[in-house]
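Student: fold the following.
(one chain, ligands or ions: 1)
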Amino acid sequence: MAKTRPTRNRQAKTRRADNAGDTAHHGLPIHEVVLLLGTDAARGLGPDEVARRRPQFGANELPRAHGPGIARKLGRQFNNPLVYVLLAAGMVTVFLGEFLDSAVILAVVLVNTLIGFIQEVRAEAALDALHSLVRTRAAVMRGGERKQVPSEDLVPGDLVLLGAGDKVPADLRLVRLSALRVDESALTGESDPVSKDEVVLPRLTAVADRRNMLYSGTLVTAGSGAGIVVAIGGETELGEIHRLMGTVQPAATPLTLKLARFSSTLTVAILALAAVAFLAGVARGEQPGQMFTAAVALAVGAIPEGLPAAVTVTLAIGVRRMARRRAVVRRLPVVETLGSTTVICSDKTGTFTENQMTVRSVWTPSGTYDVTGSGYGPEGHIRPAAGGERQADTATPTREIEDEALRVCLLGGAACNDSAVRREGSSWQVRGDPTEAAMLVAAGKGGIIVSDFLAANPRGAELPFTSERQFMATLHASTHPSGGGTVFAKGAVERVLDLCRGEMGADGDTRPLRRHVVLNAAHAFADSGLRVLATATMSLPVAGGSLAAAELRGRMTFTGLQAMQDPPRQAAAASVQACQQAGVAVKMITGDHVRTAVTVAAAVGLAADSAAGTALTGEELDAIPAGEFPDAVERATVFARVSPEQKLRLIRALQARGHVAAMTGDGVNDAPALRQANVGISMGRTGTEVAKEASDIVLTDDDFATIEAAVEEGRNVFDNLTKFIVWTLPTNMAEGLVILVAIVLGAALPILPTQILWINMTTAVALGLMLAFEPKEPGLMSRPPRAPGRPLLTWALTVRILLVSALLVAGTWWLFDHELNNGATVAEARTSSVNLFVAVEVFYLFSCRSLVRPAWRTGPFGNRWLLAGVLVQGAGQLALTYTPLMNDLFHTAPIGPDAWLRIFGLALAASLVVGVDKRLRRQGF
Ligand code: ATP
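Tutor: Numbers count the residues shown, from 1 in each chain. Predicted coordinates:
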């Protein structure tokens, strides 16, 4: 057995040497690779062998990319201007002999560092956890049976099967392939897909040129193939790259970067101001020690040091909430874009509908048939439709299956088919495409035993279904000595009719095709929202080994139509309405027929009409002159029979009209449109890995309602960020101004630097952060989308920040003066000032829970975190005021009930003023 199997622990260097040496799998013929890895190129590994290898090799996962180590992360927290100021202040206080102050300052620095560190680690962990929500599955042959397994479960020697749209789950040596093309840009940077083959290559071939290998993390863009796993997890080429890079992406978005820049510019300005204040004071003859304390107080108070961390935490909480609502964010900046989304372009099948197909009717040139039963269970029959179109000479109720076209239509639908339906427990489960599964079930109801046909006529070649081709064809070579072959095709009605010259009669004879009759029948089905597929067949005297679309054109015989139902999703209509109310336009983009699309659109509340130009087909889109294109796209709500390239044009046109566009996609060819869209959304269940890689968000349930939920959460993230900023800035401004006034007047400081530190540190954590847990506001989805470039703070909010700052400054000075004039000591007066600051912040916090609604309407218990925070803060204030230890540390002193009355009176008065401002501004927000 394989002695040279890769082992997980081996060092990168050794592995490199191996690759160029005896385990250079690209340099070995397939049978040697098979021998080396103890496997079978046709049947794969047996389940027992897999179970044995699994613990030996571990999971097929990349080793976690570690960010900076704990020590570096902790160290980074010190690298911040505020910490420098504090450390300098600490040193000066030591110098002045104020050891208690030095201790407090040092403690604050440490606590600040610890809190920053914990926040960073938690935010990273929240984002990290998302990756595990989108799991890749791989198709493998194990013991001769095809299975889907989680990619982590692969072991060296496993035989992996791949098709277009798959992500390569491990490093593989190819053993079979057909027209395989792979996008290896993740590994080589080369964006054009490369063709693969099986030939043995020289050992020293560079990775980018190893045509007989597939590498983990690359994407199959066309064709199919099978390969033996030669390396997994960290041993793969991708693992090597990860090891070299070894870092995780920082949790940054344009907004967080902008805010971080804003706060560092502000910090520099404030430090300069503090320096000027210090120098001016000293020049005026003030004591340098006192002036230094004042300058430190100014700097510590005015610098909004908590801002960047709070923004990251709010984003991380938003992303976690989205994941809970089944929208997994792959790229963080999209959280910002979601709140500004103005148009959502969504697929029909699976997103607006359940993707649960049931064939309801079959139409042949000789009759119409009803199919009974529901779901994927085999119960049901096929019988002539009551009052359906029937020709006198053919099918009667008792002779329906004598319609040869019906039999061949059902057989073709089941033979030209890659799906499987299996009973699992009490329900029937589909493997593969639900459209195909429905046709398989219909054939069963018609008494067709497709396995018998396939045994006698195995599939020799195929043209797989693609969204561009819109049909699929298979070639079956007879095992009978007389030879011959049969071709079946199934797909979109117009495309299949393009292949046909004749139509099949009830007796199996071919007669001239009546294209318009078929189209009329298809339209009638489509008008009732059914999805219609046509089937066709062709006999060949000799079955060749290949199949080409050009060879089929005009040579096949049309056999029938199968019309299937796919019920609209229950929540779709309500979600469409919610989007429309929120000023977000919804458009349906589908590969299906325009009439089917229009009917389904109507069912979910999207009005569209071909005559009015609100439903357009791909052909119509191509005919629109370039100049009129954006307008036409803006007007339309349904786009049918649209190809992936047209999706890209549609997105570009919408963006040219100033839209922020979200677009869904699931196929390989949707990737360019997904990348172009401002919000690319892929389907977790049915989407290809290629689409997922290109998207910003993966919907784990494929549901349109989830897109709406993500938009809502995106808006809420912005709301909560704004609330935090509007809440926190007045405190910083007021603290800075209170000190500045003291410096200018040459008066005693109403609050000391250590007290400012207390206020900032405790309120940011106990009060401010709790705003990130704020539930969404009722009006969230009845506002228009946020303009992308709009600043976070509107004019009205800026005025509010200034207003609250002014109230705080005036209130603090009045109270400080009043207390001193009424016989209080400086320590007592300062304690009152500190408590006033915190009281105003608490009252104002409730006001900030909604930026528009009055505080009393937000419901006091809506955010329990916030209430808990207020209680903790309250306890902290009591301790600060009444415990001797805290009195010593923070230079505070107990105050009497009358002082508390004044504090609460002032805080209440400030809230009333804010309330009046809110009321005045309510229209303007
Ligand atoms: P949506 O784009 O909303 O998901 P869709 O599933 O109809 O809609 P496509 O998958 O591009 O879009 O399919 C386009 C058309 O091709 C379908 O309307 C159908 O007629 C045909 N078709 C779909 N699946 C198959 C298949 N497996 N084999 C053959 N033809 C198919």
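
Student: any stretches of this structure with poor pLDDT?
Tutor: Along the chain, segments meeting pLDDT under 70 span 1-23, 64-69, 126-135, 242-253, 387-401, 855-861, 923-925.

Student: quick check: residues of it near the ligand?
Tutor: Within the chain, the positions lying close to the ligand (Cβ under 6 Å from any ligand atom) are 347-349, 433, 435-436, 465, 467, 470-472, 490-492, 533, 590-592. For every residue, glycine as well, the C-beta is placed using N, CA and C.

Student: redo that, cut-off 5 Å
Tutor: Contacts of the chain with the ligand, taken as Cβ under 5 Å from any ligand atom, map to 347-349, 433, 435-436, 465, 467, 470, 472, 490-492, 533, 590-592.

Student: out of these, which are inside strands?
Tutor: Among the residues of the chain next to the ligand, DSSP state E puts 472, 490-492, 533 in strands.

Student: test my guess that Val282 contacts Ala294.
Tutor: No. Applying Cβ atoms under 8 Å, one finds Val282 not in contact with Ala294, separated by 10.7 Å.

Student: among the residues of the chain next to the ligand, which ones are in helices?
Tutor: If you go by DSSP state H, the residues of the chain next to the ligand have 435-436 in helices.

Student: can you select the buried ones from the residues of the chain next to the ligand in PyMOL?
Tutor: Filtering those down to the buried ones (16 or more other Cβ atoms under 10 Å) takes a single PyMOL command:
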select buried, resi 347+348+349+433+435+436+465+467+470+472+490+491+492+533+590+591+592
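
Student: where along the stretch 51-200 of the chain do the strands fall?
Tutor: Here the stretch 51-200 of the chain has its strands, by DSSP state E, counting those that start in this stretch, at 137-142, 145-150, 159-163, 171-183, 194-195.

Student: with distance to Gly583 and mean neighbour count as extra columns, can I get those in a markdown table?
Tutor: Shown next, in a markdown table, are those (distance: least, Cβ to Cβ, whole Å; neighbours: other Cβ atoms under 10 Å):
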| stretch | distance to Gly583 | mean neighbour count |
| --- | --- | --- |
| strand 137-142 | 38 | 20 |
| strand 145-150 | 41 | 13 |
| strand 159-163 | 41 | 22 |
| strand 171-183 | 37 | 21 |
| strand 194-195 | 45 | 15 |
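
Student: could you pull out the strands for the stretch 401-550 of the chain?
Tutor: Under DSSP E, counting those that start in this stretch, the stretch 401-550 of the chain gives strands at 420-424, 427-431, 459-463, 471-477, 485-492, 500-504, 510-512, 531-540.

Student: so can I have a markdown table of those strands showing distance to Asn60?
Tutor: As requested, those are exported to a markdown table (distance: least, Cβ to Cβ, whole Å):
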| stretch | distance to Asn60 |
| --- | --- |
| strand 420-424 | 25 |
| strand 427-431 | 22 |
| strand 459-463 | 30 |
| strand 471-477 | 32 |
| strand 485-492 | 36 |
| strand 500-504 | 47 |
| strand 510-512 | 53 |
| strand 531-540 | 38 |
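
Student: Serialize the strands of the stretch 51-200 of the chain to a markdown table and add fields for distance to Glu619.
Tutor: A markdown table is the format used below for those (distance: least, Cβ to Cβ, whole Å):
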| stretch | distance to Glu619 |
| --- | --- |
| strand 137-142 | 36 |
| strand 145-150 | 37 |
| strand 159-163 | 29 |
| strand 171-183 | 28 |
| strand 194-195 | 32 |
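
Student: ok, now how distant is His891 from Leu100?
Tutor: Separation of His891 from Leu100 (Cβ to Cβ, to the nearest Å) stands at 9 Å.

Student: the two - which one has more neighbours?
Tutor: Using other Cβ atoms under 10 Å as the criterion, His891 and Leu100 rank with His891 on top: 19 against 13.

Student: domain-wise, how is the protein divided?
Tutor: Following automatic domain parsing, one gets these domains for the chain: 8-64+136-247, 72-129, 254-322+710-920, 326-353+570-705, 358-392+399-565.

Student: comparing those, which comes out most buried?
Tutor: domain 326-353+570-705 (a mean of 21; mean count of other Cβ atoms under 10 Å).

Student: for Leu440, see how far away the spatially closest residue to Ser419 that is not a sequence neighbour is.
Tutor: Closest residue to Ser419 apart from its sequence neighbours, by Cβ to Cβ, 6 or more residues apart in numbering: Gly432 at 3.3 Å. Relative to Leu440, Gly432 is positioned 9 Å away (Cβ to Cβ).

Student: please name the nearest non-neighbouring residue to the closest residue to the ligand within the chain.
Tutor: Using Cβ to the nearest ligand atom, the closest approach of the chain to the ligand is made by Gly591 at 2.3 Å. Of all residues not flanking Gly591 in the chain, Ser467 sits nearest, at 5.2 Å (Cβ to Cβ, 6+ apart).

Student: so what's that neighbour up against?
Tutor: Neighbour list for Ser467: 591, 643-644, 667, 669 [criterion: Cβ atoms under 8 Å, 6 or more residues apart in numbering].

Student: what do you get for Phe724?
Tutor: Applying Cβ under 8 Å, 6+ apart, the residues near Phe724 are 310-311, 314, 768-769, 771-772, 848.

Student: one more time with 7 Å, if that's ok
Tutor: Contacts for Phe724 (Cβ atoms under 7 Å, 6 or more residues apart in numbering) come out as 310, 314, 768, 771-772.

Student: can you pick out the most distant pair from the residues you listed?
Tutor: Farthest-apart pair in these is Thr314 and Gly768; separation 10.2 Å (Cβ to Cβ).

Student: joint contacts of Gly432 and Leu440?
Tutor: Both Gly432 and Leu440 are contacted by Ser419, under the criterion Cβ under 7 Å, 6+ apart.

Student: Gln655 contacts Ala661, doesn't it?
Tutor: Yes. If you go by Cβ atoms under 7 Å, Gln655 and Ala661 touch, sitting 5.9 Å apart.

Student: packing partners for the helix or strand containing Ala907?
Tutor: Per DSSP states H and E, Ala907 falls inside helix 897-921. Using 3 or more Cβ pairs under 7 Å, 6 or more residues apart in numbering; DSSP states H and E, the elements in contact with helix 897-921 are helix 795-821, helix 826-848.
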